[in-house]
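In: coordinates only, sequence not included:
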């Protein structure tokens, strides 16, 4: 079984690429969704966060107050580093379990969908990494269509993320998506047919 890391900026077309991987029989893991689920119910991780950042990051209902935690770590490199050290350790452990389960199921591949694939160290868990990128103007248009937001806000969303070139320089392969969905699907199928071993399909 092969582990494929999928990353790239918002509006580039990662969802389309992941849908193609599903057609190949791959297990798709949304790393952001896994993280947010763990922020709600991973008792050990939450306990460690409480020990480091205090009780004020939790509400009366016992749930983590993400904004309160954000207020502590953003703009404070040491605190942010501590947060990442705690959460990345637990997330990587959880993802290792999901990868093993997919292997047990006989899946030909696991696709890890992660915007912070490179920065988190998660890329080291992957056999191959793929950047899905697009021209900034194309991305802005897609974000506006997808989320029904203004052009100004869409541009702010796009500008807040690393540029396409950053992802392209750090991944093994790039799927450039400046055209239609059908064109991207064709490119993705061609790429994954060379990446996923034939005996696995």
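Out: Yep, that arrived. Since we're looking at a predicted model, the values are computed, not measured.
In: Going by C-alpha atoms from here, please, whenever you check contacts or count neighbours.
Out: Fine.
In: and the longest helix for the chain?
Out: If you go by DSSP state H, the chain has its longest helix at helix 77-105.
In: what's in contact with the following helix or strand past it?
Out: Downstream of helix 77-105, the next assigned helix or strand under DSSP states H and E is strand 109-113. The contact list for strand 109-113, computed with C-alpha atoms under 8 Å, 6 or more residues apart in numbering, reads 1-7, 18, 21, 25-32, 99, 102, 196.
In: do stretch 164-176 as well
Out: Here stretch 164-176 has contacts from 7-9, 118, 128-135, 184, 187-188, using C-alpha under 8 Å, 6+ apart.
In: re the thing from before, by contact count, what packs against the longest helix of the chain?
Out: In this structure, helix 77-105 packs against helix 31-41, helix 43-53, helix 66-73, strand 109-113, with contacts taken as 3 or more C-alpha pairs under 8 Å, 6 or more residues apart in numbering; DSSP states H and E.
In: Specify the local secondary structure of the residue of the chain most remote from its centre.
Out: Residue farthest from the centre of the chain, counting by C-alpha atoms, centre = their mean, is residue 60 at 30.5 Å. Using DSSP: H, G, I helix; E, B strand; the rest coil, the structure places residue 60 in coil.
In: residues near residue 56, how many?
Out: By the criterion of other C-alpha atoms under 10 Å, residue 56 has 12 neighbours.
In: And the one 10 residues further on, by the same measure?
Out: Counted by other C-alpha under 10 Å, the residues lying close to residue 66 total 14.
In: Repeat that for residue 130.
Out: 24.
In: So it versus residue 140, what's the distance?
Out: Look at residue 130 and residue 140: by C-alpha to C-alpha, to the nearest Å, they are 21 Å apart.
In: before we move on, what SS does residue 161 have?
Out: With three-state DSSP as the criterion, residue 161 reads coil.
In: Quick check: phi and psi on it?
Out: Dihedral angles of residue 161 (phi, psi; degrees, to the nearest 10) stand at phi -100, psi 160.
In: And residue 57, how close does it get to residue 33?
Out: Look at residue 57 and residue 33: by C-alpha to C-alpha, they are 20 Å apart.
In: Look at the two and report which has more neighbours.
Out: Taking neighbours as other C-alpha under 10 Å, residue 57 and residue 33 compare with residue 57 leading, 19 against 12.
In: Please tell me I have it right and the more buried one contacts residue 73.
Out: No - at 11.2 Å, residue 57 does not count as touching residue 73 under the criterion of C-alpha atoms under 8 Å.
In: Have a look at this structure and report the helix or strand with the lowest mean pLDDT.
Out: helix 151-159 (a mean of 87; mean pLDDT, DSSP states H and E).
In: List of residues touching that one?
Out: Contacts for helix 151-159 (C-alpha under 8 Å, 6+ apart): 9-10, 136, 139-141, 143-144.
In: What is the nearest of those residues to residue 92?
Out: For the contacts of helix 151-159, the residue nearest residue 92 by C-alpha to C-alpha is residue 9; the value is 21.5 Å.
In: Need the per-residue pLDDT for that closest one.
Out: pLDDT, residue 9: 92.
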